[in-house]
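J.: Below are the sequence and a predicted model for it; my questions follow.
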Amino acid sequence: MSATKKTVPFAGTKEQEMELLKVIQDNKNDKGALMPVLQQAQNIYGYLPREVQVIISNEMDIPLERIYGVVTFYSQFSLYPKGKNRISVCLGTACYVKGSGDLLDKLKELLEIDNGECTPDGKFSLDACRCVGACGLAPVLMVNDDVYGRLKVEDVAGILKKYE
Ligand code: FES
């Protein structure tokens, strides 16, 4: 696995670990148990950081590289937590043709994170999403439940400021 990127420090509790160990214990002898274990681990922690993958690797005797491969292959799994403010940029067709890709690029630049990641202070996470049903306002982005439409790249910094 490549060096862990700077993100929110892992803050798993003993209770979460006990819960995970029980899940592993319950599934350990099933062939193909890895997917359900990863799904439940993500439910427990909200995401699947390296620390959680290591526990699963050790307890299930599965190489960490394989677990990492599965976690990064399936989009349902996330290596990063969600931020206090969840930003979703719509990359549906209507938004995309009106430049939502540029909004996403600007957010990556301003937040210094990639798509799917969370800032190290936990304030913002950034995701691309499919059509959110507000095509008339394209290009659209959402911060938590707030919808922002007809955006230009220059608007992005001001929107972030509101949530600082
Ligand atoms: S394509 Fe973006 S809201 Fe529909």
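T.: Now that the structure is in, tell me what you want to look at.
J.: Please count neighbours and contacts with C-alpha atoms only from this point.
T.: Fine.
J.: Report the separation between residue 100 and residue 29.
T.: 46 Å (C-alpha to C-alpha, to the nearest Å).
J.: all helices of this structure, in order?
T.: Using DSSP state H, the helices of the chain run over 14-27, 34-45, 50-60, 64-73, 93-97, 100-111, 156-162.
J.: Show me the one of those helices that comes nearest residue 125.
T.: Among the helices of the chain, the nearest to residue 125 by C-alpha to C-alpha is helix 100-111 (8.9 Å).
J.: Off-centre distance for that closest one?
T.: Relative to the chain's own centre, helix 100-111 is displaced by 16 Å; criterion: C-alpha atoms, centre = their mean, to the nearest Å.
J.: For burial, what's the neighbour tally of residue 73?
T.: Residue 73: 11 surrounding residues under other C-alpha atoms under 10 Å.
J.: Name the nearest residue to residue 84, ignoring sequence neighbours.
T.: Spatial nearest neighbour of residue 84, chain neighbours left out: residue 123 (4.9 Å); criterion: C-alpha to C-alpha, 6 or more residues apart in numbering.
J.: doesn't residue 111 make contact with the one you found?
T.: No: with contact defined as C-alpha atoms under 8 Å, residue 123 does not reach residue 111; the gap is 9.8 Å.
J.: Which one's more surrounded, these two?
T.: residue 111 (19 against 16).
J.: now the more buried one: how far from the ligand?
T.: Per C-alpha to the nearest ligand atom, to the nearest Å, residue 111 is found 22 Å from the ligand.
J.: How about residue 161?
T.: For residue 161, the distance to the ligand equals 23 Å [C-alpha to the nearest ligand atom].
J.: what sits against the residue lying farthest from the centre of the chain?
T.: Within the chain, residue 29 marks the point farthest from the mean C-alpha position, 29.5 Å out by C-alpha atoms, centre = their mean. Contacts for residue 29 (C-alpha atoms under 8 Å, 6 or more residues apart in numbering) come out as none.
J.: Please apply the same query to the one 5 residues further on.
T.: For residue 34, no residue counts as a contact, taking C-alpha under 8 Å, 6+ apart as the criterion.
J.: Which residues of the chain lie near the ligand?
T.: Contact residues, the chain versus the ligand (C-alpha under 6 Å from any ligand atom): 90, 92, 93, 94, 95, 131, 132, 133, 134, 135, 138, 140.
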